[in-house]
Structure formats: structure tokens, C-alpha cells
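Enquirer: my questions concern the predicted model and sequence given below.
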Amino acid sequence: MINGRETKIIDQIYLHVEKGDIFGLVGETGSGKSTILRLMNGFMKADEGDIYLMGQRLDEGTRYRLVKDSSMIFQDFNLLGNLNVIDNVLLPSRLRKGDRKENIKRARELLSFVGLSNFERSYIRNLSGGEKQRVAIARTLMTRPRVIFCDEPTSALDEKMSYEILKLLREINEKFDSTIVVVSHDISVIKALCNRVAILDRGRIKDIISLDVKELKPLSYKEALLGD
Amino acid sequence: MISQYMDIFRTFRIDIFRSLYETVDMMFFAMLASLILGLLLGFILFATGSEGIYRNRAVYFLVSSLINITRSIPFILFIIVIIPFNRLILGTGFGVNASKIPLSFIGIATFSRFTEKDLLDLDKNLYETSYALGSNAFQYFIFFLLREARSGLVLSFTSTTISLLSYSTVMGIIGGGGLGYLAISEGYYNFNYKLMWIIIVFMILIVQFIQAIGNAIAKKIDKR
């Protein structure tokens, strides 16, 4: 319901994401792509239809269990300001049972992987946008998720930082064999990262296309401006 | 001039310290009750409110109304109205122990409203973040809400404590005693204005101390 009127946000969505895919959802603002992402991880409930995550049907009984095998990267990073970097990375492991020493070791390895080894004790307010997203990515990897959902992961970042984050996501897909679902309104992000893309228009899938995976290259402002 | 005040202080020092003890005794119990039950009710208000994860109009209305009623009755009348309840619980409606009950009620009502506001001020995406990271509802309250709201809650609890100190001054009407009552009964009614002013200064210093401690803790734990 929006302003008291029944409104269909998305309709007739048939979508299948293969294991190991970097799958893109692209569309204009309000096309329903973020809603689909939140339906896929069980945060929102569809009025009709079924959603399967990692082969199991999402419902009230399964969603809390299934979501533990997935993770999410947000546009605004969604880090906890009262925790330092390593405690933010450790947070998902604190929500599960596990060996604390092992978890700390893994958190340090992940901080090294995202290039933030020296920031362990820093607080979030002292980090740049790119650094914050790296912390969020390390936090995401903490629980070895089989699926990673990314909601506009680079839209709050500048060109250079966006490239770094996209490179990192590509590495994660290759190194950890995680399936990645990316939502973005930015065609260049989708083009640089995804091997399959669904194009959304007013809550419906307009097309699903496969893309050739290209090598990621950083562009200077001049190259970006002059390129086609 | 100062020596006159010193003389008054020396004469009444036993009364002043006895009253200070009564105030601390009443306050400690009420503060503890406010912290535990006020926090709990604040979380219930937040969770059942329009932005909460357990939206429930009936529960919200009931809790919210009880809090509003407690806060809207003039406190001096509230103390009198609640005397039968004191008798039911403690067997007596008067004395320092009986004073702890109305003081606790007003502390709980005040702190629960502050808590609700502090939680509403947090990032609206906190629940989604907690869900996506695999937390259950209990973990969401402890690891996310409480942790992120902690400095605001400390400041709110500081304000509640200062309000309780102010409310405690009228506890004399049911024999609660305390510093405020000494200032009114011995100072004002007995025309001993110097004693009254000594106690006023005492209370100003206590409030300054409480606020300074609260500010220092809130600043120390706020890393946002």
C-alpha cells in the first residue's frame, strides 16, 4: 500500500541465479530492483509466489536459517559506529556460535585481504567511503557466505574507489566461489562486474542477457570522459 | 557572613547528612528500577510502535497511556493517590521506603519515554543490517540497538536521575525526608533561610556532579 492505494511494486518475476554467477539487476530508480534483492534474502515477504534461496524455499520457518548462509553489502555501508573496524568485522561471528580466537584470526586475514590491516582499531567515523565499504566487505566474508547480495555497492563512492570495490567483488567471486547478486542503476558497474543481467522496468523483467566478463581496468577522469 | 553560614552548617550537619542519606537511599532504588524497567518499557514502546519490528497498536497504546497517565498527574498528587498501593505492597503508606514507590514510577515513566526517543533517533536501516548479518530479534536489541544508542541512553538516564532528585524533594509529605524536605521544613517554614540556601547550594553541586559524570561517560562511549 502506498499512500493508501494498493500498488504493485514488482510483478511476474521469474528469475534464476546460477551458483557462481555475478548476477546484475539493473533498472531506473523505482523499478523494483532493491525490492527484489530484499525478497531474495527473505527480509521482505512476497504477497504471492515462491522464492528459493540455495535450493530451499524461503518462508518464516527457514529465512533466519538461510540468511545466515548469505550476506549483504549496502549502499551506505551500514557499519556500527560504536564498534571499531575489527569488531565490526567480527560482528556476524558474534551472532553465531564459534571459537573466538579462530574468528579473530579470520577477521585479521580478511582485513588484510581488503587492504585494511593497519586500521584494526580505527573507528568508522575516521574512515573514507572506500575504506568503510572495504570493512563492510570484510564483515560480509566473515561467515563464508554462499551468496552475497549487493545493493548499489559503489553509488556512494568516487570513480577510483568504485573500481577498487568492483575489483574486490570480482576477486571474492573467484577466490571464495560466492554467488553475487548486484543491484545498480549504474550501467558501467553492471557491465564491469556481471556475467548475467536482468533489466527491470516498472517492476517487471524486461530482458535477461549474458555478458562477456572483461578485465577490470581503472580509468582516469580523462579516459572516462573521452571514452565512448 | 560566611562564618554565619558555617555556624548554621555545623549546627545542622547531622540533619543535613541524615537527609542526604535519605535522598541517596530513595534515589538509588528509584534509579535502579528506572534503569531496568524504564529500559524494558522503552524497548517495548519502540518495538510495538509504528517503526518497530513487533508493530502492535493495542500494546503500544496501553503502555504509552500508562506512561502518559503517570507523567501527567501532578507529582505531589500522584504521591497521595498511590498511598493505598504503598500500603498494599509494603504494609505502610509512609516513610522512606514508601517514598521509593512513587519515585520509581515517575523514574520508569520518564526513562522509558527517553529510551523510546533514543531508539527512534537511530539509523532506520539497523534492523535490516542485523537481519542480513544473521541476527535474531534478541540479538538485534542487544548487539545493535543497545550498542548504538548507548551514549544517548546514558545522557537520558542522567536527565532522569536529575529529575528524580528534583521529585525527591517533595517526598516529605509522606515522611520520605531527604534534603529537599529539610530545606523546606527547617529552612523555609522555620525562617532559617541560611540553612535553606546551604541546601540549595548542596543540591546545585549534586546536579552539577551527576551531569558532569553523565556527560563524561556518554562522551567516552560515543564512537560514532
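Expert: Happy to help now that I have it. Bear in mind that the values here come from a model prediction, so they are computed numbers and not experimental data. Residues are numbered from 1 along each chain as shown, chains lettered A, B, ... in the order given.

Enquirer: and the strands in chain A, which stretches?
Expert: A:22-27, A:52-53, A:56-57, A:70-73, A:147-151, A:179-184, A:196-201, A:204-210 (DSSP state E).

Enquirer: grab the nearest non-local neighbour of B:I200.
Expert: B:A183 (6.6 Å; Cβ to Cβ, 6 or more residues apart in numbering or on different chains). Where you see a C-beta, it was placed from the backbone N, CA and C, and this is true even at glycine.

Enquirer: hmm, back to that, between the strands of chain A, which gets nearest to chain B?
Expert: Chain B lies closest, by Cβ to the nearest Cβ, to one member of these: strand A:70-73, at 3.7 Å.

Enquirer: so which bits of the closest one are buried?
Expert: A:S70, A:S71, A:M72, A:I73 (16 or more other Cβ atoms under 10 Å in any protein chain shown).

Enquirer: and the closest residue in space to the first one that isn't next to it in sequence, how far from B:K223?
Expert: Beyond its immediate neighbours in the sequence, the residue positioned closest to A:S70 (Cβ to Cβ, 6+ apart) is A:V147, lying 4.2 Å away. A:V147 sits 31 Å away from B:K223, going by Cβ to Cβ, to the nearest Å.

Enquirer: which one's more surrounded, these two?
Expert: Taking neighbours as other Cβ atoms under 10 Å in any protein chain shown, A:V147 and B:K223 compare with A:V147 leading, 22 against 16.

Enquirer: so who does the more buried one touch?
Expert: The neighbours of A:V147, taking Cβ atoms under 8 Å, 6 or more residues apart in numbering or on different chains as the test, are A:N41, A:L53, A:M54, A:D69, A:S70, A:S71, A:S178, A:T179, A:I180, A:V181.

Enquirer: same question, A:L80
Expert: Counting by Cβ under 8 Å, 6+ apart, A:L80 has contacts A:D87, A:N88, A:L91, A:I124, B:F144, B:R147, B:E148.

Enquirer: let me know the pLDDT of the third one.
Expert: Okay, so that is A:L91. A:L91 is assigned 95 on the pLDDT scale.

Enquirer: that one: how many residues sit nearby?
Expert: A:L91 has 24 nearby residues by other Cβ under 10 Å.

Enquirer: pretty sure it is touching B:L133, no?
Expert: Yes - taking contacts as Cβ atoms under 8 Å, A:L91 lies within contact range of B:L133: 6.3 Å.

Enquirer: burial measure for A:T29, as a count.
Expert: So A:T29, with other Cβ under 10 Å, has 7 neighbours.

Enquirer: and if you look at the one 3 residues further on?
Expert: For A:G32, the tally of surrounding residues (other Cβ under 10 Å) stands at 22.

Enquirer: and it, what pLDDT?
Expert: Per the predicted model, pLDDT is 85 at A:G32.

Enquirer: now the closest residue to A:Y64 other than its chain neighbours: how far from A:F74?
Expert: Using Cβ to Cβ, 6+ apart and skipping residues adjacent in sequence, the residue nearest A:Y64 is B:N136, 6.3 Å away. Distance, B:N136 to A:F74, by Cβ to Cβ: 20 Å.
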